[in-house]
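Undergrad: Sequence and predicted structure, then a few things I'm wondering about:
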Amino acid sequence: MEKFFNPESVVVIGASNSPFNLGATICNILKDYLDYTGAVYVVNSKGEQVNGCPGFSSVPALSAVPDMAIIIVAARHVPGIVRDCAEKGIKRVIIESAGFAEDGAEGAAMQREIDEVAQSSGMRIMGPNCLGTLSTRNKFCSFYGVNPSLVEMNQIFEVPGNISYIIQSGGVVVLVMESLYYDLVGINKVVSIGNKCDVDEADLIDYFQKDETQVIGMYLENVADGRRLMEAAEKSRKPILVFKTGKTPEGAAAATSHTAGMANDDLIFDSACRQAGMIRLKSIDELHSLPKIFTQMPLLKGNRVAMFTNSGAFGSIAADLLAEAGLRMVTLSDRTQAKLKKAGQVFNVKNPVDIGPAPPQTYLDIFEILLAADEVDGLWPLLSVWQTFVIDCLEELLKMCRHYDKPAAIYTPNAISKSIAIRTGRRIPIFETAEQSARALCVSFMFYNSMRKRGGLENCEIFAAPGME
């Protein structure tokens, strides 16, 4: 798998100087934007060079055997090109062309032909109908159509992170990457697997156990091999967050037409997730909103949660969300309540703890009291930023959470734009909605329970983020 993300040389088959040629955009991002140091060759009918990349008229004519081939030509030409790659000795191929099993019987026949070549030659294939791979640390990207001038793309590569994504749809790749521009979680690797005629989600889960990945996010429209997926997930020591379509007959039909796979029985998939320790997500936005609870906070090791708000209304709202998330609003002990009374400006010392206008020290005292309480497993602050000192207090809260080894899922009930600005400017893991923060606590506890049952807590690898040592 490593060579799919870190090849020493590649050939882009189908890249040319024609207007709007997609293969040429791959050459451009590698050579002009990422300063890829490996050799980049191109194959096109004219044998012309593209953006300084040497051109050849066919795969057999290549002057060297590249580590990987990226194919982006009309589907009808792909089987023959794959055979040429096999004969040339190219062992890794990304097929970005569409028009295979997702497109009917003729396309399915071409996909089977490709499979046969791969099996007989020992070749590994990603796709077809995919975008391929992206690696921030190695500064490699095989995605077509990327505009190198985008400032946000620069941020992705300049600040590598620890979450890796396995995604069937290219469109979801774009959604996730753009959403993380404004969050604290950086990307390690992204792979778009499309129809996954060969390389599938199980292969990649196994691979991500061995690199810098801390959290694995998946978007699936179907499961290629249920048994292999479960085996890979059960062995994983890293959280696997999965959003799968096909819950309804309409969704299953749409998935089939998109990436060719029959959407598997949803109840069976749900049961498999629980058994193998995968966390099934409720919405597509959870793919990018939830990982920071793992990369920025300790795990939630119990279901007893204390809430702290400076607006009583949000305490009521949160109580319902907490129950829906399967967590418990803890009953604070008499000792804890006595300490809270001494903090001053506290309207309610029972859970949820509610304060009115108060100075910074009151916030800090309450954080300390609640995190230190034996009966509290985690904290849910719902604090409106009505003064800038609240932001300073939230920064101190991060240190306290690490000290007490208890998480806080922070929600600031302000305009989302304001919350995002605070999050990015001060590097505070703020969730954008109360629902997101409740779910974050829920999935943290789910992963803890799963690892505990599998006896894998001592090997858990989610604590390597800066500041979490």
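TA: Thanks, I have it.

Undergrad: Which residue, other than its chain neighbours, is closest to residue 44?
TA: For residue 44, ignoring the flanking residues on the chain, the nearest one in space by Cβ to Cβ, 6 or more residues apart in numbering is residue 16 at 4.1 Å. (C-beta placed from N, C-alpha, C; glycine too.)

Undergrad: typo on my end, it should be residue 7
TA: Closest to residue 7 by Cβ to Cβ, 6+ apart is residue 67, at 3.7 Å.

Undergrad: surely that neighbour meets residue 11?
TA: No: in this structure residue 67 lies outside contact range of residue 11 using Cβ atoms under 8 Å: 9.3 Å.

Undergrad: if you count what's nearby, which of these two comes out ahead?
TA: Neighbours were counted for residue 67 and for residue 11 using other Cβ atoms under 10 Å; residue 11 has more, 28 against 19.

Undergrad: what about the nearest residue to residue 277 once chain neighbours are set aside, how many residues close to it?
TA: Ranked by Cβ to Cβ, 6+ apart and with sequence neighbours excluded, the top spatial neighbour of residue 277 is residue 450, at 3.7 Å. Residues lying near residue 450 (other Cβ under 10 Å) number 22.

Undergrad: pLDDT averaged over stretch 167-176 - what is it?
TA: Average pLDDT, stretch 167-176: 90.

Undergrad: quick revisit: what's the distance between the residue nearest to residue 7 and residue 90?
TA: Applying Cβ to Cβ, to the nearest Å, the value for residue 67 to residue 90 is 8 Å.

Undergrad: By residue count, tell me the biggest helix in this structure.
TA: helix 434-453 (DSSP state H).

Undergrad: quick one: buried residues of that helix?
TA: Within helix 434-453, the residues that count as buried by 16 or more other Cβ atoms under 10 Å are 434-451.

Undergrad: now do stretch 214-228
TA: For stretch 214-228, by 16+ other Cβ under 10 Å, it's 214-224, 228.

Undergrad: Dump the residues you listed into TSV; add pLDDT and secondary structure as well.
TA: Formatted as TSV, the buried residues of stretch 214-228 follow (pLDDT from 0 to 100; DSSP: H, G, I helix; E, B strand; the rest coil):
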residue	pLDDT	secondary structure
214	96	coil
215	97	strand
216	98	strand
217	98	strand
218	97	strand
219	97	strand
220	94	strand
221	91	coil
222	89	coil
223	89	coil
224	80	coil
228	94	helix
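
Undergrad: what's the farthest-apart pair in those?
TA: 214 and 222 (26.5 Å; Cβ to Cβ).

Undergrad: Go ahead and name everything in contact with the longest helix of the chain.
TA: Residues from elsewhere that reach helix 434-453 (Cβ atoms under 8 Å, 6 or more residues apart in numbering): 237, 239, 241, 277, 279, 282, 285-286, 289-290, 292-294, 297, 299-303, 305, 314, 317-318, 321-322, 324-327, 378, 380, 382, 407, 409-411, 413, 431, 457, 460.
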